[in-house]
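K.L.:
Following is a predicted model, sequence given first.
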Amino acid sequence: MTATGTLVPAAMPLTPAATLPLIVATPLLGAAFLVAAGRRMPRRAAETAGTVFAAATAVLALSVLLRGTAPDAPGARAVAWLGGWHPHGGAGVGIVLVGDRTGVGLAAVTSLLVVAVLAYSWRYFDEPPNRQAGTFPALVLIFQAGMCGFALTGDLFNAFVFFELMGVVAYALTGYRVEEKRAVQGALTFGVVNSLGGYATLLGVGLLYGRTGELGFAQIGARLADRPSGGPDFLVLTAFVLVLTGLLVKAAAVPFHFWLPDAHAVAPTPVCMLLSGVMVELGVYGTARVYWTVFAGPGGIPTADAHRMLLTLGTLTAVVGAFLCWQQRHLKRMLAFSTVAHTGLFLVGLAVMTPEGTGGTALYVLAHAGVKAALFAAMGILLDRFRSVDELELHGRGRELPLVGVVCAVGGLALAGLPPFGTALGKAVTEEAAGGWQAALFVVVSAVTGGAVLRAVARVFLGMGVRPEAAGQAEARADETSGKDEEPETAGPLSRIPDTMLAVPVVLLAGALAVGVVPGLHAAVGRAADAFLDRSGYAAAVVHTPPAASVPSPGPHWSVAGVGLGLLSAALACLLARWAVRRTAPAHPARWAAPVRRLHSGHIGDYVAFVLAGIALVAALLLPSLR
């Protein structure tokens, strides 16, 4: 009330539901602003504006997350029906955003990583004179909007739309240095393979719409559950396989993974940070989201069959990714195959089908995003300092960059699962939930991928082992990608490393460490995993049906066995790295491994054939569900 007695309405705070659309709209508005004003803005102002819009989106996502993850938050699911098109009688035609703990958490992580990438990229690129100042941050903001929209959508068709928006921008970012033929070729391969997966997903969405008349996750799941006969019919099974294809392509699961190392080898370093840090993880998230909210009911895919499919694909992906990671001398391809290997571990964690497995995988994904982005940031520094990412050519030259060497060594140990990093906690919880030979798989794959990074650290930053020139190993074989004579992404080779390029990987590794040591975060992830697997609770929030009672599970926590296995995998990684650098010569990849390496030919036709083979494999693994 004012002095004159007039009532003034109090400002209403944004509710979590009202905030959800802003998480998607804010980066889109930022991109539009940069496109409109970029030609009239100095580069520093454009980059600052892009970072501000990305940070504002992160703040919005964190505000919803902090209000929704409190222990007393009822259901912890904010629901926003855009345009006021609310469902009636359980049916709806509107676009819905569902902010559960897992989805909003992934949007927050995505936004924070985008802020880190834009800070790392501060005055990074040697921009052609005909390119406006805000092009790169505008593309990154659109990418952020697509990722956040995919994490929050409760509609299968809009999930496809957001994923394709993300994909189109990812193609442009991969080929951002359009003046280089290799970048264009990598972007085209990326675009063709991912578009094929997108078309398969769209066809699956059409089949589900024809069967159920619905597009919402919860509504489709309810219609499938109402079918008189239990289990899927051939149409539902086909729809699931097709929808899953696009998600597994984005997740880079074997044999859908061929685009990933080719794209990482040519994409600018900040783009690699996003592709391996969040986009691949979004494919894993989408796989779990589609199964649990749409196909896990009585009319969908039985749990046992989904378990077999995820476990088979996850094991194949982890083994192939770790094997090829160890074979690389091109440092960015090494990290790309490490991403493939860890995608396999994430799928194995989801295959457990319990809150413990899901919660452990969520922690693993969260920490892996920070570790992998930090390692790619360090490789970008090497590229821009020495014009090379060839492990053998860089032998001993990294001694002048001790801090970068420390970042790589710590990142390698975190990748191997050294406690108390969040990667170690996620790995420990997941392997304990899986048990048996799957726990051994986690230990071996983590050790091999971490050992490959530590081997590179020993050679590049410590000068250990025989110099490649002395051993006659400096030249790459015809079937080997070396990473020599690369063009720097900055205006020229860096004589001094900018503070932002050094600070970002350090902060990212600190974040990965915090994931393992902050108890409140572990409890929140446990509640998020319970809510993620609660189909009735999701449906209750979206279409207002009565939820079933659920029993909370204990959140992720350290155990003696988990710490022991983490120390074991880290020790094995160190031993593998020591064995590799103490060999008489840094040998080329083993000739018996050549057939597997030649499968990664770079030919689009070969990769398309493997996508089709992957579809057949997934279908074969799920066929028993028709019994």
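P.N.:
In hand now; what should we look at? Numbers count the residues shown, from 1 in each chain.

K.L.:
List the residues that contact residue 525.
P.N.:
105, 359, 362, 363, 366, 555, 556 (C-beta atoms under 8 Å, 6 or more residues apart in numbering). In this view, the C-beta of every residue, glycine as well, is placed from N, C-alpha and C.

K.L.:
Nearest to residue 189 among these?
P.N.:
Nearest to residue 189, judged by C-beta to C-beta, of the contacts of residue 525 is residue 366 at 29.3 Å.

K.L.:
How many residues are close by residue 390?
P.N.:
For residue 390, the count of nearby residues is 23 (other C-beta atoms under 10 Å).

K.L.:
so where's the stretch 401-550 of the chain shaky on pLDDT?
P.N.:
468-495, 544-550 (pLDDT under 70).

K.L.:
for it, what spans make up the strands?
P.N.:
Along the stretch 401-550 of the chain, counting by DSSP state E, counting those that start in this stretch, no stretch forms strands.

K.L.:
if we can go back for a sec, could you dump the contacts of residue 525 to TSV with neighbour count?
P.N.:
TSV is the format used below for the contacts of residue 525 (neighbours: other C-beta atoms under 10 Å):
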residue	neighbour count
105	25
359	31
362	30
363	29
366	25
555	22
556	31
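
K.L.:
Now, those that are in strands?
P.N.:
Among these, none falls in strands (DSSP state E).

K.L.:
would CSV of these with distance to residue 98 and pLDDT be doable?
P.N.:
Conversion of the contacts of residue 525 to CSV gives the following (distance: C-beta to C-beta, whole Å; pLDDT from 0 to 100):
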residue, distance to residue 98, pLDDT
105, 13, 92
359, 19, 91
362, 17, 93
363, 22, 93
366, 20, 93
555, 22, 72
556, 23, 81
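
K.L.:
So which of those sit within helices?
P.N.:
Per DSSP state H, helices hold the following members of the contacts of residue 525: 105, 359, 362, 363, 366.

K.L.:
tell me which of those is nearest to residue 120?
P.N.:
Using C-beta to C-beta, the ones in helices among the contacts of residue 525 come closest to residue 120 at residue 366, 19.3 Å.

K.L.:
For the closest one, which non-adjacent residue is closest in space?
P.N.:
residue 515 (5.3 Å; C-beta to C-beta, 6 or more residues apart in numbering).

K.L.:
so the one you found makes contact with residue 429?
P.N.:
No: Residue 515 is beyond contact range of residue 429, at 11.8 Å (criterion: C-beta atoms under 8 Å).

K.L.:
what's the domain layout of the protein?
P.N.:
With domains defined by automatic domain parsing, the chain comprises 15-154+518-544, 177-301+601-627, 302-473+484-517+558-588.

K.L.:
Distance from the chain centre to the shortest one, please.
P.N.:
Relative to its parent chain, domain 177-301+601-627 has a centroid offset of 14 Å by C-alpha atoms, centre = their mean, to the nearest Å.

K.L.:
Likewise for the longest one?
P.N.:
Average the C-alpha atoms of domain 302-473+484-517+558-588, do the same for its chain, and the two points are 14 Å apart (C-alpha atoms, centre = their mean).

K.L.:
Ok, stretch 21-29 next?
P.N.:
On C-alpha atoms, centre = their mean, the centre of stretch 21-29 falls 21 Å from the chain's centre.

K.L.:
Give me the buried positions along that stretch.
P.N.:
21, 22, 23, 24, 26, 27, 28 (16 or more other C-beta atoms under 10 Å).

K.L.:
Check stretch 611-627 too.
P.N.:
Going by 16+ other C-beta under 10 Å, stretch 611-627 has these buried residues: 611, 614, 615, 617, 618, 619, 621, 622, 625.

K.L.:
who's in contact with that stretch?
P.N.:
193, 196-197, 200, 231-234, 237-238, 240-242, 244-245, 248-249, 253-256, 301-302, 305-306, 308-309, 312-313.

K.L.:
average pLDDT across that stretch?
P.N.:
The predicted model assigns stretch 611-627 a mean pLDDT of 90.

K.L.:
Which two of the ones in helices among the contacts of residue 525 have the greatest separation?
P.N.:
The span of the ones in helices among the contacts of residue 525, defined through C-beta to C-beta, is set by 105 and 359 at 11.6 Å.

K.L.:
which residues are common contacts for the two?
P.N.:
525, 528.

K.L.:
wait, isn't residue 259 in contact with residue 194?
P.N.:
Yes: shown here, residue 259 and residue 194 form a contact pair, counting by C-beta under 8 Å, at 6.6 Å.

K.L.:
taking the buried residues of stretch 611-627 one by one, which sit in helices?
P.N.:
Those of these lying in helices (DSSP H): 611, 614, 615, 617, 618, 619, 621, 622.
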